[in-house]
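Below is the sequence, then the predicted model.
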Amino acid sequence: MLIREIAHSRAGDKGDISNLSVIVYDIKDYRHLEKYLTAECVKTHLSDVVLGDVVRHTLPGLGAMNFVLQKALGGGVTRSLALDAHGKCLGSALLNITIPDA
């Protein structure tokens with residue numbers, strides 16, 4: 001299943017760091033998502049764009065995870081030559097990751 005089937009994303013960016021949150025629609029899906037949506041999974045999926053570390057922070061009480069992506073915006077929003085390579089685009093790409101069905 002695609003992550004977008006069980007969760008949505010919010011994003012922010014500052015400099016060359018993107019901050020992506022993934023929030024499940026139904027709290028019962030959180031543990032399954034937490035098992036498969038690892039920092040390594042996100043780093044691999046976004047490897048063409050994210051050149052630095054990816055750190056995951058879990059918020060089980062909220063049914064959410066937050067990913068901090070270093071060197072993810074081509075030097076920063078105001079310096080990058082990429083068209084609209086902001087956090088919201090990365091959040092949408094993250095929701096296209098496929099994980100096993102629950």
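On my side now, so go ahead.

which stretches of this structure have low pLDDT?
74-88 (pLDDT under 70).

Where do the strands of it begin and end?
Assigned by DSSP state E, the strands in the chain fall at 7-14, 17-24, 54-59, 64-69.

want to throw these into CSV with mean neighbour count and distance to T98?
For the C-beta atoms, the positions are set from N, CA and C on the backbone; glycine is no exception. Shown next, in CSV, are these (neighbours: other CB atoms under 10 Å; distance: least, CB to CB, whole Å):
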stretch, mean neighbour count, distance to T98
strand 7-14, 17, 13
strand 17-24, 22, 14
strand 54-59, 15, 18
strand 64-69, 22, 17
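
In contact with N66, which residues?
By CB atoms under 8 Å, 6 or more residues apart in numbering, N66 lies in contact with 19-22, 56-57, 59.

Identify the spatial nearest neighbour of R10, chain neighbours not counted.
S21 (4.5 Å; CB to CB, 6 or more residues apart in numbering).

For the one you found, give its distance to M1.
As for S21, its distance to M1 is 19 Å (criterion: CB to CB, to the nearest Å).

Which residue ranges of this structure form helices?
All helices of the chain, identified by DSSP state H, fall at 30-36, 39-45, 87-94.

Please work out which of the ones you listed is packed deepest.
Highest mean neighbour count of these: helix 87-94, a mean of 19 (counted as mean count of other CB atoms under 10 Å).

pretty sure R10 contacts G91?
Yes: if you go by CB atoms under 8 Å, R10 and G91 touch, sitting 6.8 Å apart.

Outside of stretch 17-27 itself, list whatever touches it.
3, 6-13, 30, 33, 37, 42, 50, 62-73, 86-87, 90-91, 94-95.

if we go to 7 Å?
3, 6-13, 30, 33, 37, 63-70, 72-73, 87, 90-91, 94 (CB atoms under 7 Å, 6 or more residues apart in numbering).

ok, K71 - how many residues close by?
By other CB atoms under 10 Å, the residues close to K71 number 16.

Perfect, that will be all.
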